[in-house]
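# Provide a 3D model corresponding to the input given below.
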Amino acid sequence: MAKAFVALITSALCLLALLASPIARKMNSSSKAMSTVTLAASCSRPESVTKFLVHAEVELNCRGQDNHTVTYTVSGKADKEGKYSLKVTGDHQDEICDVTAVNSPDTDCDESVSDINKARISLTGNSGMESTKRFANPIGFRKKELSCRLQEGARRTRFRPTPKLKTSL
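Numbering: from 1, shown residues only. So this is what the prediction gives:
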């Protein structure tokens with residue numbers, strides 16, 4: 001009797017494993033919706049956020065790890081709250097994916113700075129996360145002119161904004 005019970009339990013576990021396999025494959029290949037905020041920042045510091053950028057353009061690029069050629073691209077715009085959501089199809093386990101703030105509608109805040117205009121994101125169903133939603137770090141642009149309050153804070157902390165370097169070839 002005990003052997004029959006063990007055989008029944010073992011058979012049930014094997015059947016469950018077979019049924020779960022297509023579900024796992026489906027989750028790995030399903031689309032992932034990413035969402036985060038596009039913001040205007042000063043001093044290249046996340047705590048100095050001044051406002052969210054409405055209708056800022058963002059772009060997701062995935063590149064191969066070996067040759068760094070672009071394998072997947074999707075673009076979108078931030079909504080009226082400065083949030084964006086991109087629908088991503090497929091699994092990008094062996095790729096490096098970055099979300100980039102491409103274009104700012106605010107001419108006073110459209111300076112692209114490498115520290116804050118790009119965020120790396122994992123887009124694979126094989127990462128241990130159950131949800132198909134992924135959240136990137138906030139991305140944005142730097143204001144051209146610092147406010148008086150920020151200039152005073154920068155002077156007190158001896159923070160110097162990143163200078164623009166002139167390059168000559």
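
# Low-confidence ranges, the chain, go.
5-8, 11-36, 41-50, 146-169 (pLDDT under 70).

# Show me where it has its helices.
In order along the chain, the chain carries the following helices (DSSP state H): 2-29, 148-156.

# neighbours of the closest residue to residue 105 other than its chain neighbours, just the number please.
Spatial nearest neighbour of residue 105, excluding adjacent residues (CB to CB, 6 or more residues apart in numbering): residue 55 at 5.0 Å. C-beta coordinates here come from the backbone N, C-alpha and C atoms, glycine included. Neighbourhood size, residue 55 [other CB atoms under 10 Å]: 15.

# give me phi/psi at residue 55?
phi 60, psi 20 (degrees, to the nearest 10).

# That one against residue 76, yeah?
No - Residue 55 lies out of contact with residue 76 (CB atoms under 8 Å); the separation is 10.5 Å.

# Residue 73: what's it in contact with?
59-62 (CB atoms under 8 Å, 6 or more residues apart in numbering).

# Looking at these, spot the one nearest residue 40.
Nearest to residue 40 out of these is residue 59 (CB to CB; 17.9 Å).

# From residue 115, how far out is that closest one?
Per CB to CB, to the nearest Å, residue 59 is found 18 Å from residue 115.

# For the two, indicate the residue with more neighbours.
residue 59 (16 against 11).

# In this structure the more buried one contacts residue 100, no?
Yes - the criterion here is CB under 8 Å, and residue 59 meets it with residue 100 at 5.2 Å.

# any shared contact partners between these two?
With the criterion set as CB under 8 Å, 6+ apart, the contacts of residue 59 and residue 100 do not overlap.

# Residue 51 and residue 108: what is the separation?
10 Å.

# typo on my end, residue 70
Going from residue 70 to residue 108 by CB to CB gives 31 Å.
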